[in-house]
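S.K.: Okay, predicted coordinates and the sequence, questions at the end:
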Amino acid sequence: MGTAVEVFRGGAIYCPVHERWECRRDRQASRGGGRCHNPAVKGYDRCRMHIGMKMHVAEARTEAMDAWAAIGKLDLTPAEAVIGMYKLSWTRAHLYASLLEEQFHQAQDNEAGGGDGGRGAPPVGEGAGLIGHTFSADKEWGIFATGEAVRGLAKLEADERERCVKFARAAHDMGIAEREIRIAEQQGQ
């Protein structure tokens, strides 16, 4: 193995042998010593073994910092970024849920009225609004239903709920709630 060319990106070292950004920490002597050649976690100078925090916390912090940097706010702590992303995700989840509820009720009303957009698709039933038909077409039969799939809004809402939980868990693991309580107690004194 060759030696790494020390070009730093966020503290990680680029290894031309492995052609990737790697951890800058040294391995334990019991593991042969030398520099660790595990891939660096995005946004950090260490691998998953040397990062010193749970991976979901590291990933949430990186995602939050990237999102806030994209809008130009660079003077913010990882804790502020995670809380900001959590609040944004919470708001979006509620918005998507209300839109999904409207879509569901509208689809239920359309199914009760026998509406299928004129394509001859069988009724979806209780899942109308959450799932919909997939269609195909050919010259002989025209457009016809080929199956069912989750509607885009249902997927968006589910993804946003997952993202919200991820940021809430990261905030909890970072101890943000406890810090806010301590700050409020100090201000109260």
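M.R.: Arrived safely, thanks for sending. Residues are numbered from 1 along each chain as shown.
S.K.: any idea of the pLDDT on Arg151?
M.R.: pLDDT recorded at Arg151 is 82.
S.K.: Name the residue closest to the centre of this protein, please.
M.R.: Arg163 (4.8 Å; C-alpha atoms, centre = their mean).
S.K.: Would you map the helices across this protein?
M.R.: 55-70, 78-112, 152-173, 176-188 (DSSP state H).
S.K.: Turn the ones you listed into a markdown table, including distance to His18.
M.R.: No exception for glycine: its C-beta is placed from N, CA and C like everyone else's. Output for these, formatted as a markdown table (distance: least, C-beta to C-beta, whole Å):
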| stretch | distance to His18 |
| --- | --- |
| helix 55-70 | 20 |
| helix 78-112 | 28 |
| helix 152-173 | 29 |
| helix 176-188 | 36 |
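S.K.: Out of these, flag the one nearest Asp26.
M.R.: When those are compared by C-beta to C-beta, helix 55-70 sits nearest Asp26, at 20.1 Å.
S.K.: where does the closest residue to Gly11 other than its chain neighbours sit relative to Arg179, distance-wise?
M.R.: If you skip the residues right next to it in sequence, Gly11 has Asp45 as its closest partner in space, 2.7 Å away by C-beta to C-beta, 6 or more residues apart in numbering. Counting by C-beta to C-beta, to the nearest Å, the separation of Asp45 from Arg179 is 25 Å.
S.K.: for Ala93, same thing?
M.R.: Taken as C-beta to C-beta, the span from Ala93 to Arg179 is 24 Å.
S.K.: Quick check on the two: which one has the bigger neighbour count.
M.R.: Shown here are Ala93 and Arg179; by other C-beta atoms under 10 Å, Ala93 has more neighbours (20 against 11).
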